[in-house]
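Participant: this one's structure only:
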């Protein structure tokens, strides 16, 4: 569901209020649309840019055998349910981990099968509670999702089209880190600070990398570093946050990026740009462009490693769980250097 934006955006740089209207969003959606590009039955979107050759090229980036996880812990101390945040508080919650069999059970004789004792556990969680991919069935606009499929194809039984399961063996490519916070000389960006196309270009130039077809672009705002510095998630899940401007959509479209992810809850700047549409970049990228979006990535260790060795490119591996009909998936993304 698309909710109205709360709060007003303080527009910086040379951008004017007219850049952030519903009409402007519609223009960007048309400009960046991939509907029909890969045929009327396509459900992969920009992941189509990841070819076997692209994957082979990505393997050449592995030099040291170093693996860096980009996931936050999946536990009860996660970011969901911040006070005063109605969008997240009532729809998402932190993972609940329960033990169905334990070693304590075994010690008191509560379980035994031909001398075998064991432990089992259960997890209850929204699929978007922590580090995750949004599928192309996650967001609708005017009754449609990516490639023109009807929103009604996502029912109580799950998504019949654009489910995350389509990507179960697809998300392996060259990854690049754009450390926007470091580029701007900050530990972290300020709440409500937008990232514009010139920021992406300037950061890539400073890091000595070129973003190209089939890449997975990871964008660090430093918000998770801020969370750790203050010792609390606070309003991370839905409050005012740094992020991408909707004006970055053509940047991803023209560079033929396969996927993008950030260290924030929404990837895009909050409060949303303009008063008419909530999360306009989601509408442009997921519904029209078919761009795979990742959220709540922990990019701190990776950023430190890239700064040490000066290498901001790596092999990236992050397949979703093949949960039938799911519109999102928890993941443990890996940067391999």
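Facilitator: Ah, there it is. The structure presented is a predicted model; accordingly, all values stated were derived computationally and were not measured.

Participant: Now do the helices in this protein.
Facilitator: With DSSP state H, the ranges of helices along the chain come out as 22-31, 52-59, 86-89, 103-107, 180-183, 197-207, 223-230, 249-254, 280-282, 300-309.

Participant: ok and the longest one relative to helix 300-309, angle-wise?
Facilitator: On the basis of axes from the mean of the first three to the mean of the last three C-alpha atoms, to 10 degrees, helix 197-207 is oriented at 50 degrees to helix 300-309.

Participant: Centre of the chain to helix 197-207, how far?
Facilitator: Centroid separation for helix 197-207 versus its chain: 20 Å, with C-alpha atoms, centre = their mean, to the nearest Å.

Participant: Can you tell me what sits against it?
Facilitator: Contacting residues not belonging to helix 197-207 are listed as 176-180, 183-184, 210-211, 219, 247-248, 250-251, 306, 312 [C-beta atoms under 8 Å, 6 or more residues apart in numbering]. For the C-beta atoms, the positions are set from N, CA and C on the backbone; glycine is no exception.

Participant: how about the helices of the chain in JSON lines, adding mean pLDDT, distance to residue 78 and mean neighbour count?
Facilitator: Putting these into JSON lines (pLDDT from 0 to 100; distance: least, C-beta to C-beta, whole Å; neighbours: other C-beta atoms under 10 Å) gives the following:
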{"stretch": "helix 22-31", "mean pLDDT": "93", "distance to residue 78": "31", "mean neighbour count": "16"}
{"stretch": "helix 52-59", "mean pLDDT": "98", "distance to residue 78": "30", "mean neighbour count": "13"}
{"stretch": "helix 86-89", "mean pLDDT": "49", "distance to residue 78": "11", "mean neighbour count": "16"}
{"stretch": "helix 103-107", "mean pLDDT": "72", "distance to residue 78": "26", "mean neighbour count": "13"}
{"stretch": "helix 180-183", "mean pLDDT": "98", "distance to residue 78": "22", "mean neighbour count": "22"}
{"stretch": "helix 197-207", "mean pLDDT": "98", "distance to residue 78": "28", "mean neighbour count": "17"}
{"stretch": "helix 223-230", "mean pLDDT": "96", "distance to residue 78": "11", "mean neighbour count": "17"}
{"stretch": "helix 249-254", "mean pLDDT": "98", "distance to residue 78": "28", "mean neighbour count": "20"}
{"stretch": "helix 280-282", "mean pLDDT": "95", "distance to residue 78": "21", "mean neighbour count": "26"}
{"stretch": "helix 300-309", "mean pLDDT": "98", "distance to residue 78": "16", "mean neighbour count": "16"}
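
Participant: so which of the contacts of helix 197-207 comes closest to residue 135?
Facilitator: Nearest to residue 135 among the contacts of helix 197-207 is residue 219, at 19.7 Å by C-beta to C-beta.

Participant: Tell me which residues touch that closest one, please.
Facilitator: 178, 180, 195, 200, 244, 260, 261, 262, 263, 267 are the contacts of residue 219 under C-beta under 8 Å, 6+ apart.

Participant: gap between the second one and residue 205?
Facilitator: Counting by C-beta to C-beta, to the nearest Å, the gap between residue 180 and residue 205 amounts to 13 Å.

Participant: One more: the fifth one?
Facilitator: Residue 244 sits 18 Å away from residue 205, taking C-beta to C-beta as the criterion.

Participant: How far away from the center of its chain is stretch 294-310?
Facilitator: How far stretch 294-310 lies from its chain's middle: 15 Å, per C-alpha atoms, centre = their mean.

Participant: same question, stretch 19-39
Facilitator: For stretch 19-39, the distance to the chain centre is 20 Å (C-alpha atoms, centre = their mean).
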